[in-house]
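**Q** Sequence and predicted structure, then a few things I'm wondering about:
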Amino acid sequence: MTTSTPATLLPKDDGAFAYRGVMLDVARHFVPLAEIRRLLDGMQLLKLNVLHIHLTDDQGWRFESLKWPKLTTVGGTRSQTVVGLPGNYGSEDLHPENYKNVYDGKPHSGFYTQAELRELVAHAKTKGVTIVPEIDMPGHMRAARAAYPELGYDGVQWGVGTGWGVYREVLRVDEPGLQFCRDILGEVCDVFDSPYIHIGGDECPKIEWIDSHVANKQVKELGLDEKNIEEYDKLQRWFTAQMATFLASRGRKLLGWDEIIDGGVPGDCVVMAWRSWTKPAERAVKLNVPIVQAPTTLYFDHAHGAAANEPLSIGDGATLQEAYEYDPLAGVEDKPELVLGLQAQLWSEYIPTTEHLWYMAFPRLIAVADIGYYGAKRAPWAEFRAGLEERVKALAALGLVGRPLDKE
Ligand code: ACM
């Protein structure tokens, strides 16, 4: 691994990698502002410089929109939440809610006002952290569809998601859908000053598009074969390109999960490489697209090692040592200048409390921070491990108590 200094739009600092991030999913479980501030304190200590905040998903919309107020008054609350591991993730029909699942019967709510988020952005800046907001589109839109059924091609009324998994209900991507996205991204640009705006782009099933005469016509008008289901990825690329153009008009660059290049490169963008099994980083850099590495190894909603020995989580995950040994340049050593950096993911389906959030995050976030800040010059594992006691104590003093070190 060589140390690189890739081109970045983020404020320059001395880190080996320019982008050293944490993604926080506040959609599946709302995280109070005071706890986000606590995380920012820890990030400052560790020299992590990006908080990617996942503000919307099927199970909750957390960003106040003045133009589309029902997003939070309706989309900000789900009626209940699946308990434990769901009996059905929805892979058969992409409707994760069914008779096999058990629910808690309790509503879950929360959203941030624009004033609160503006204040958070300013506060983060004092900690050396840029907040990158994500509005996930055109998939993961069930909460928005619950608020405004007209955002789907078929106008069917659905509820906010209550199960975990990928939903079939997505956004229409003709003019009404585009206008909705421009409205929301416009408001996002008014609130957040980040040079990168994340538009999600992940896990968008194309079933509704394939079934819609309007979408069929759009595909045909793009010069594609509307009868070939593979071509619908190109409709997503076209949609993403419209968003990239809109964001460029506001002086911002589009960032998206690696599905955004499945149908080709949608213009000026940065890819967040997550689906390790599809080699997204290699695919992106071959196309000269810059990347942020967010591989499943750095999915800290997964257990510390074997899930069977840990509190309920989505599955097995990286141990602290495995996280520390992750190399952001592996497989893309020939184009280090395209690797902006790396990011840990805190998806929150199985993380209902902040105590549990910190347990999942730490001490693995210390490993990510050191990879990002020191790159190839970071300490060997044994030395890193020996120095952890003090660092863990300093984080605990901030209220960020992770998995006990004696379990590592
Ligand atoms: C993702 O894990 N769906 C980006």
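**A** That came through, no problem. Values in this document were obtained by computation on a predicted structure and should not be read as measured data. Numbers count the residues shown, from 1 in each chain.
**Q** and the residue in the chain positioned nearest to the ligand, which of the three is it?
**A** The chain approaches the ligand most closely through Asp202 (4.0 Å), counting by CB to the nearest ligand atom. For the C-beta atoms, the positions are set from N, CA and C on the backbone; glycine is no exception. Secondary structure for Asp202, judged by DSSP: H, G, I helix; E, B strand; the rest coil, is coil.
**Q** What count of nearby residues applies to it?
**A** Asp202 is flanked by 17 other residues according to other CB atoms under 10 Å.
**Q** Could I get the contacting residues of the nearest residue to it once chain neighbours are set aside?
**A** The shortest distance from Asp202 to any non-neighbouring residue, by CB to CB, 6 or more residues apart in numbering, is to Trp257 (3.7 Å). Trp257 makes contact with Gly200, Gly201, Asp202, Val271, Met272, Trp274, according to CB atoms under 8 Å, 6 or more residues apart in numbering.
**Q** so the last one touches Ile291, yeah?
**A** No. If you go by CB atoms under 8 Å, Trp274 and Ile291 don't touch, sitting 10.3 Å apart.
**Q** Give the intersection of the neighbour lists for the two.
**A** Pro280.
**Q** Which of the two has more residues huddled nearby?
**A** Shown here are Trp274 and Ile291; by other CB under 10 Å, Ile291 has more neighbours (28 against 22).
**Q** Phi and psi next, for the residue nearest to Gln343 when sequence neighbours are not counted.
**A** Closest residue to Gln343 apart from its sequence neighbours, by CB to CB, 6+ apart: Gly21 at 3.7 Å. Phi and psi for Gly21, reported as degrees, to the nearest 10, are phi -120, psi 170.
**Q** where does Gly21 land on pLDDT?
**A** Gly21 carries a pLDDT value of 98.
**Q** Next, count neighbours for it.
**A** 30.
**Q** how about it, what does it touch?
**A** Residues counted as contacts of Gly21 (CB under 8 Å, 6+ apart) are Leu48, Asn49, Val50, Leu51, His52, Val132, Val292, Ala294, Gly341, Leu342, Gln343, Ala344.
**Q** tell me the contacts of the fifth one?
**A** Same thing as His52. Contact partners of His52, counting by CB under 8 Å, 6+ apart, are Gly21, Val22, Met23, Leu24, Ile131, Val132, Glu134, His198, Gln343.
**Q** before we move on, what about the last one?
**A** Residues counted as contacts of Ala344 (CB under 8 Å, 6+ apart) are Gly21, Val22, Met23, Ala294, Leu298, Phe300, Ala323, Ala361, Arg364, Leu365, Val368.
**Q** Just the strands from the stretch 151-300 of the chain, written as ranges.
**A** Under the criterion DSSP state E, counting those that start in this stretch, the stretch 151-300 of the chain contains strands at 196-200, 253-257, 269-273, 291-293.
**Q** on that earlier part again, farthest pair within the contacts of Gly21?
**A** Asn49 and Ala294 (15.1 Å; CB to CB).
**Q** most centrally placed residue in this protein?
**A** Centroid-nearest residue in the chain, with CA atoms, centre = their mean: His54, separated by 5.1 Å.
**Q** which phi and psi does the nearest residue to it once chain neighbours are set aside have?
**A** Sequence neighbours aside, Asp25 is the residue nearest to His54 in space, at 4.4 Å (criterion: CB to CB, 6+ apart). Dihedral angles of Asp25 (phi, psi; degrees, to the nearest 10) stand at phi -90, psi 100.
**Q** ok, the contacts of Trp257 vs Val82, which is closest?
**A** Nearest to Val82, judged by CB to CB, of these is Asp202 at 20.2 Å.
**Q** List the residues that contact that closest one.
**A** Contacts for Asp202 (CB under 8 Å, 6+ apart) come out as Asp136, Gly139, His140, Gly256, Trp257, Asp258, Glu259, Trp274.
**Q** Next, the contact list for Glu116, please.
**A** Leu33.
**Q** before we move on, the earlier item: can I assume the residue nearest to the centre of the chain is in contact with Leu24?
**A** Yes. Counting by CB under 8 Å, His54 does reach Leu24; the two are 6.7 Å apart.
**Q** No further queries at this time; thank you.
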